[in-house]
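>>> what follows is a predicted protein model with its sequence.
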Amino acid sequence: MEIEVVHPGTSERRLKQWHAAEVASTGAERGWPLPAMTLQELEGHARHPGGEPIARYEALLAVEDDEVIGFAHSWWLSADNRHFVDASTHVLPERRREGIGRALLDHLVAAARADGRRSISLPGPLGSAGAQFAEAAGAKESLIERHSVLDLADVDAALVDRSAPPSPGYRLEAWGEVPPEHLLPSLASAQESMDDAPKGALDIARDTWTLDMIRALYALTAARGYRRLVVAAVHEASGDVAGFTEVQLPPGRSEYAEQGDTVVVPAHRGHRLGMSMKSAMLQRLRVEAPQLERISTWNAEENQWMLAVNVALGFKPAELWGMYQLTVG
Ligand SMILES: CC(C)(COP(=O)(O)OP(=O)(O)OC[C@H]1O[C@@H](n2cnc3c(N)ncnc32)[C@H](O)[C@@H]1OP(=O)(O)O)[C@@H](O)C(=O)NCCC(=O)NCCS
């Protein structure tokens with residue numbers, strides 16, 4: 001078995017093999033209850049790995065007899081989190097317990113050490129093969145997150161319409177691929193408030209967001225083919241972004257999306273802006289993504305404020321995930 005590093009020039013044939021392994025490993029499987037990434041998503045990541053100032057993506061493929069039998073995703077964070085790698089490993093169901101996952105992880109650990117990194121996080125539903133694999137590798141459970149799913153057919157449209165208008169003193173603004181330039185400074189500050197979300201024992205530092213980082217983040221996800229929808233609350237008196245929520249629609253599928261960040265900056269908390277922005281997002285999705293059937297989101301179990309909004313809107317708990325952290329430096 002060899003380990004290949006995916007790069008922007010990786011052949012279409014290899015990308016298709018990788019996607020087939022992604023479907024076989026993750027698809028409908030119990031223990032990894034998310035839809036597989038689409039071929040277009042994998043291709044977007046391979047062709048646009050990114051890097052400074054956001055995060056660099058890299059995939060490893062375990063290849064035997066010219067077939068992909070396992071793979072690892074990894075996101076190498078930048079800026080204030082240059083010490084951290086977010087990763088996950090996957091092996092074809094019929095090739096498990098042969099040491100392929102461990103070989104992928106060993107490669108990742110060696111690369112992380114060579115790059116001066118100190119922590120790798122590996123996610124997995126509690127009790128799953130992934131969780132047991134991570135713990136066997138010496139990783140420690142460092143944060144528990146609730147994965148919740150909103151089935152859009154169950155959404156109470158009247159509640160959404162009632163909840164969407166913001167409190168007096170605020171207005172909502174919506175945008176897509178490019179944030180309005182005049183809002184960038186306060187959007188960068190709002191992005192920093194995202195660090196208030198509980199991180200448990202994860203070795204994650206607060207990031208300082210510059211305007212270039214915001215521009216780079218939007219440009220990278222767009223280059224990879226994702227459609228970003230943002231609804232923000234703007235404080236009328238100051239003209240500042242008081243909070244925002246975003247949903248990313250992946251390329252190559254229309255029924256499933258993941259919730260991105262939702263944040264209200266501390267000075268503007270307590271005005272129901274979270275409920276207002278997320279309701280307005282659901283109104284927007286009705287029109288702009290009419291085929292969408294469900295949205296997944298992850299929240300730390302102690303993040304009561306965000307969970308309360310999600311539960312009120314109809315998100316149902318699917319399962320608990322652990323973030324397992326491996327110290328390598
Ligand atoms: C997690 C996964 C990648 C493991 O791959 P693998 O090639 O089977 O793992 P390895 O054979 O290298 O196992 C290494 C060690 O992990 C532990 N382990 C792996 N799978 C396990 C399981 N199902 N139950 C208990 N322990 C397990 C064992 O200690 C194993 O060593 P051993 O076989 O000598 O006892 C694979 O089960 C998978 O693809 N699962 C679905 C996706 C997923 O959950 N990924 C994890 C995200 S980080």
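Everything's here; your move. As the structure is a computational prediction, the values presented were derived from the model and not from experiment.

>>> Ala222 should be in a strand, yeah?
No - under DSSP: H, G, I helix; E, B strand; the rest coil, Ala222 sits outside any strand and is assigned helix.

>>> so it makes contact with Arg228?
Yes - contact criterion Cβ atoms under 8 Å: Ala222 and Arg228 qualify, at 7.0 Å. Quick note: C-beta positions are derived from backbone N, CA and C, even for glycine.

>>> shared neighbours of these two, which are they?
Residues touching both Ala222 and Arg228 (Cβ atoms under 8 Å, 6 or more residues apart in numbering): Glu177.

>>> what ranges does the stretch 151-300 of the chain have for its strands?
In the stretch 151-300 of the chain, the segments counted as strands under DSSP state E, counting those that start in this stretch are 170-175, 227-235, 240-249, 256-264, 294-300.

>>> and the last one, how far from the chain's centre?
The gap between the average C-alpha position of strand 294-300 and the chain average comes to 9 Å, counting by Cα atoms, centre = their mean, to the nearest Å.

>>> note down every partner strand of that strand and its orientation.
Paired strands of strand 294-300, with direction, are strand 140-151 (antiparallel), strand 256-264 (parallel) (DSSP bridges).

>>> and if you look at the second one?
Here strand 227-235 is paired, per DSSP bridges, with strand 170-175 (antiparallel), strand 240-249 (antiparallel).

>>> which one of these lies closest to Gly101?
Of all the strands paired with strand 227-235, it is strand 240-249 that lies closest to Gly101, at 27.7 Å by Cβ to Cβ.

>>> now that closest one: average pLDDT?
Across strand 240-249, pLDDT averages out at 97.

>>> any chance you could list what contacts it?
Contacts of strand 240-249 (Cβ under 8 Å, 6+ apart): 170, 183, 186-187, 189-190, 221, 226-235, 257-265, 267-268, 273-274, 277-278, 281, 285, 289, 292, 295.

>>> return the alpha-carbon coordinates of that strand using CSV.
Written as CSV, here are the backbone C-alpha positions of strand 240-249 (Å, rounded to 0.1, in the frame of the first residue of the first chain):
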residue,chain,number,x,y,z
ASP,A,240,-22.0,47.8,12.5
VAL,A,241,-22.7,44.2,12.0
ALA,A,242,-24.3,43.0,15.2
GLY,A,243,-24.3,39.3,14.2
PHE,A,244,-24.6,37.0,11.3
THR,A,245,-25.6,33.5,10.3
GLU,A,246,-24.5,31.6,7.2
VAL,A,247,-25.4,28.4,5.4
GLN,A,248,-23.2,26.8,2.8
LEU,A,249,-24.8,24.9,-0.1
